[in-house]
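Q: For reference, the sequence and a predicted model appear below.
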Amino acid sequence: MNELFENGLLTDSSYACVLAEAASSGIKSDNRTGTPTIGTCYVNSQYPLWGAAVPLISSKAVNLKPLLVELEWYLKGTGDVAFLREHDVKIWEAWTREDGTLGPVYGKQWRRWNDTRIVDRYDFVKNYQSYLYRGYKTEGYIGVEEDRVVLSREIDQLQRIVDKLRRDPTDRRIMMSAWNVGELEDMALPPCHFMYHVWSRELGFEERLRQANAIGEVHAKYLHESRYTA
């Protein structure tokens, strides 16, 4: 469990750096909540994810249940709060609309980013196979002579990240974005954590063995059967 303990220390250290930067160079300001804040524009913050655990910050109170339920809700790719209500999580209730939705917020962008484009019919015919391969569907035609084609697709950013980590783990452009400019006005709230970047590296045998042991300990602790506990 030493690696998990180390993860926690590095997480607290990263969080402390963010606080220190805000305290030393931040600017006092009002905001939409009515609570005065001290903030700064941008602080790079990095968190290690090895050992089958996402370490929590220990220097502040963390309500674990809403955190885990909300994360699972993101992964479902929906703006409907039914799943949150089912698990008695009310952190989004203040912004929920009468129809029980929040618009295309985080999960929608993570799993079903909407990409719609209008192309010239000639371009569409010429590059038809390319559009088909990339997952576009024809929605219709516009123009006096229907000379433009409306195409659309949904992009599962999370699946792309998983695929990229499997095929090309050293790629430096493995990113997730929730800042969809075209849909910001449809969201109950624009995203706070709007982007993250994943970077990985190849591990040596000893590092892999240590991680496998750490993962096995976590799985055994929660009685989860896996190849790490076999």
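A: Sure thing, it's come through. For clarity, every value in this text was computed on a predicted model and none was experimentally measured.
Q: quick one: residue 120 from residue 182, how far?
A: Distance of residue 120 to residue 182, given as C-beta to C-beta, to the nearest Å: 21 Å. Any C-beta I mention is one placed from the backbone N, CA and C, and that applies to glycine too.
Q: Count the neighbours of residue 138 for me.
A: 13 (other C-beta atoms under 10 Å).
Q: got a list of contacts for whatever helix or strand it lives in?
A: Assigned by DSSP states H and E, residue 138 belongs to strand 137-142. Here strand 137-142 makes contact (C-beta atoms under 8 Å, 6 or more residues apart in numbering) with 116, 118, 121, 147-153.
Q: what lines up beside that strand in the sheet?
A: strand 148-155 (antiparallel) (DSSP bridges).
Q: my read: residue 103 touches residue 188, true?
A: Yes. Between residue 103 and residue 188 there is a contact under C-beta atoms under 8 Å: 5.3 Å.
Q: Quick check: neighbours shared by the two?
A: Common neighbours of residue 103 and residue 188 (C-beta under 8 Å, 6+ apart) are 79, 97.
Q: in stretch 63-73, what counts as buried?
A: For stretch 63-73, a neighbour-count test (16 or more other C-beta atoms under 10 Å) marks 66, 69-70, 73 as buried.
Q: so what's the spatially closest residue to residue 92 that is not a sequence neighbour scoring on pLDDT?
A: Leaving aside its chain neighbours, residue 92 sits nearest to residue 81 (5.6 Å; criterion: C-beta to C-beta, 6 or more residues apart in numbering). Residue 81 is assigned 96 on the pLDDT scale.
Q: Pull the contacting residues for residue 81.
A: Residue 81 neighbours (C-beta under 8 Å, 6+ apart): 92-93, 96, 100-102.
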